[in-house]
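Trainee: Give me a 3D structure for the following:
(2 chains)
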Protein chains: 2
Amino acid sequence: MSDDERAETLGDLGEFTVIDRLVAGRTHPSGVLVGPGDDAAVVTAPDGRVVLSTDMLVEGRHFRLDWSTPYDVGRKAIAQNAADVEAMGAAATSFVVAFGAPAATPGAAAQELSDGMWAEAATVGASIVGGDLVAAPLWVVSVTVLGDLAGRSAVPIGGARPGDTVAVVGALGRSAAGYELWCNDVRGFADLRSDHLVPTVPYGQGRVAADAGATAMTDVSDGLLADLRHVADASAVGVDLSRESLTADHDAVAAAATAVGADPWGLVLGGGEDHALVATFPGEVPAGWRAVGVVLEGPARVLVDGASWTGPGGWRSF
Amino acid sequence: MSDDERAETLGDLGEFTVIDRLVAGRTHPSGVLVGPGDDAAVVTAPDGRVVLSTDMLVEGRHFRLDWSTPYDVGRKAIAQNAADVEAMGAAATSFVVAFGAPAATPGAAAQELSDGMWAEAATVGASIVGGDLVAAPLWVVSVTVLGDLAGRSAVPIGGARPGDTVAVVGALGRSAAGYELWCNDVRGFADLRSDHLVPTVPYGQGRVAADAGATAMTDVSDGLLADLRHVADASAVGVDLSRESLTADHDAVAAAATAVGADPWGLVLGGGEDHALVATFPGEVPAGWRAVGVVLEGPARVLVDGASWTGPGGWRSF
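Mentor: Residues are numbered from 1 along each chain as shown, chains lettered A, B, ... in the order given. Now for the predicted structure:
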């Protein structure tokens, strides 16, 4: 890319030139029958059902361009959508992306965003089959994911039953720790700071949970307590978490919590955006998952070590 | 609704209360296996393929809340997505919606937006199966549509062949005329002003065109010349439009054009957002469609009455 090309903005290039560049040289899985460039994409749905979910990321609210590279933003946008599909026991197959940005945005930044999206999509064998590019006063990235259940029953959020074991796979509190480090401008802890920018979704574990008979599942986007509260509400059950079972999660963020003056339990129990999976199992917990609590009879509530939790809570959208 | 409820904002209510209200009492077609409230929706795809497309509408760019009611914005957002599915020869079946808005937005405005979306979706027998609600400094509405081909081959944008007849169904230039009336604060012409706020998509005609053997199709979102240029480029053919065949379209906007000092041909040939369908047919044009031109050998170009068009052109995203 020449310096001139690097300096070109979305406004200079125009929608269609930008889109032509973003889709050039990309390769799609065989299930993509019609890819970008037509009014709509056409993809196969061999299962006879499709899973779909959408998430919107807004600059300044869900990401900051002085913290994240455009590549990071792209990976995060795809990852958090793919996590929703995992939480049903399915695998992401296709994404469509709507991107709003100022006309002064460098074309190269849009390319980096797209590259990050493609990189994350590739980790699950999926591709980006279509999109929309519009002018907006700030970056808005809206992703929709399609997923395939491959014959499995979808794991609902509301199927937990008293006596089930609550188990988790993936990180807890690391994204929230990273967020506090960024906010407080604390150096070091590079892994946690990075985990805030791009979560590591436990891809494939949603299907493992489904095959192991999970009765309920969700991804931890709002925080373990908040997301388990959704499971509890939808299932009309209680949940009791054991902090002892979360010691390793606590310890992994303890030093960072100290550095920013935060409560490590607040990070582990209240921190969202790691996109771990939490599920309930009537029997044995699958390999790689860690048991963290039990399902109680209703009413719907989430306890910690048998008592109400009075520490920091979950994420609030508004 | 009490006055207190009407005055509540999204920030007062919080994400989950707003979503609970938006989804309450809605009924879904039988193909919706898992609707709102879980990590993702699950819908049937009996054809074994799904059509999907996404469009983002940004306040101030794609709609103005001093012109449009929230209900209008909801209808338009659904309509323009459904039109992309029509343009493949398919029918819209499901939508997911991401909505960004300031915390100070009245909850009632979000309800009206949702009501408009549901009303438009209902006209095609579809429903809204999921979504996301986030804080943003202005309204951003991002919709993704799924569609069903019911065994048909998708009609591509790039299949036009020399000798085909170019035909249109639906309005041309009316949205653009309405836009000029709004911009110039010209009263009267209520139908055109309304057509700008909510397009009338010729639902079902995409399938009619597919069944009639259409070789290429797109919806008129950017303007007839601009969208036919996409057909011409993708098909490596020329297109020659006949203005005589568009006399009725011209006459329908002529008085409004005079009132705002615009060229009626500019509105008819260059105006987008009506979401008419334009297709190419090797044989007879289906009932309800009007022949407006012919497909020529390449190179890719769009002529009007055999010559280059030097009047006003299409829409530019940036």
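Trainee: contacting residues for the closest residue to A:V220 other than its chain neighbours?
Mentor: Nearest non-adjacent residue to A:V220, counting by C-beta to C-beta, 6 or more residues apart in numbering or on different chains: A:A276, 4.4 Å away. From N, CA and C alone the C-beta is placed, and that goes for glycine too. By C-beta atoms under 8 Å, 6 or more residues apart in numbering or on different chains, the contact set of A:A276 is A:V168, A:V169, A:G170, A:A171, A:L172, A:P202, A:D219, A:V220, A:L224.
Trainee: With A:D148 instead?
Mentor: If a contact means C-beta under 8 Å, 6+ apart, then A:D148 has A:A45, A:P46, A:D47, A:V50, A:V51, A:A90, A:A91, A:T93 as its contacts.
Trainee: quick one, phi psi at it?
Mentor: For A:D148, the backbone dihedrals (degrees, to the nearest 10) come out as phi -120, psi 130.
Trainee: Of all pairs in the contacts of A:A276, which one is the farthest apart?
Mentor: A:P202 and A:L224 (14.4 Å; C-beta to C-beta).
Trainee: Looking at those two, which has the bigger crowd around it?
Mentor: A:L224 (29 against 22; other C-beta atoms under 10 Å in any protein chain shown).
Trainee: Hmm, that one is touching A:R243, no?
Mentor: No. Using C-beta atoms under 8 Å, A:L224 is not in contact with A:R243, being 11.2 Å away.
Trainee: separation between A:A77 and B:W139?
Mentor: For A:A77, the distance to B:W139 equals 20 Å [C-beta to C-beta, to the nearest Å].
Trainee: More neighbours: these two, which one.
Mentor: A:A77 (25 against 22).
Trainee: tell me the contacts of that one?
Mentor: With contacts defined as C-beta under 8 Å, 6+ apart, A:A77 is in contact with A:D55, A:L57, A:V97, A:M117, A:V141, A:V143.
Trainee: farthest pair in these?
Mentor: Applying C-beta to C-beta across those, the maximum distance is between A:D55 and A:M117, 12.8 Å.
Trainee: Identify the contacts common to these two.
Mentor: A:A77, A:V143.
Trainee: rewinding a little: please go through the contacts of A:D148 and note which also touch chain B.
Mentor: Contacts with chain B within the contacts of A:D148, counted by C-beta under 8 Å from any C-beta of the partner chain: A:A45, A:P46, A:D47, A:V50, A:V51, A:A90.
Trainee: element containing A:S53, please.
Mentor: In this assignment (DSSP states H and E), A:S53 forms part of strand A:49-58.
Trainee: what ranges do the strands span in the stretch 201-318 of chain A?
Mentor: Secondary structure of the stretch 201-318 of chain A by DSSP state E, counting those that start in this stretch: the strands cover A:216-219, A:238-241, A:277-281, A:290-296, A:301-304, A:307-308.
Trainee: Figure out which of those is closest to chain B.
Mentor: Closest of these to chain B is strand A:216-219, at 5.5 Å (criterion: C-beta to the nearest C-beta).
Trainee: Could I get the CA-only coordinates of that closest one as PDB?
Mentor: Taking Å, rounded to 0.1, in the frame of the first residue of the first chain, the C-alpha atoms of strand A:216-219 are listed here in PDB:
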ATOM      1  CA  ALA A 216     -29.200 -24.500  30.500                       C
ATOM      2  CA  MET A 217     -26.300 -22.400  29.200                       C
ATOM      3  CA  THR A 218     -25.400 -18.800  28.600                       C
ATOM      4  CA  ASP A 219     -22.200 -16.800  27.900                       C
END
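Trainee: how distant is it from the center of its chain?
Mentor: On the basis of C-alpha atoms, centre = their mean, to the nearest Å, strand A:216-219 is displaced by 13 Å from the centre of the chain it belongs to.
Trainee: just stretch A:75-86 next, same as before
Mentor: With C-alpha atoms, centre = their mean, you get 4 Å for stretch A:75-86.
Trainee: correct me, but A:P137 touches A:P102?
Mentor: Yes. A:P137 is in contact with A:P102 according to C-beta under 8 Å; the separation is 6.2 Å.
Trainee: Need the overlap of contacts for those two.
Mentor: By C-beta under 8 Å, 6+ apart, no residue touches both A:P137 and A:P102.
Trainee: before we move on, the earlier item: among the ones next to chain B among the contacts of A:D148, which has the minimum pLDDT value?
Mentor: Lowest-confidence member of the ones next to chain B among the contacts of A:D148: A:P46, scoring 91 (pLDDT).
Trainee: coming back round to it: from the contacts of A:D148, keep the buried residues only.
Mentor: Neighbour counting with 16 or more other C-beta atoms under 10 Å in any protein chain shown marks A:A45, A:D47, A:V50, A:V51, A:A90, A:A91, A:T93 as buried within those.
Trainee: so which of the residues you listed comes closest to chain B?
Mentor: Checking the buried ones among the contacts of A:D148 against chain B by C-beta to the nearest C-beta gives A:A45 as the nearest, at 3.6 Å.
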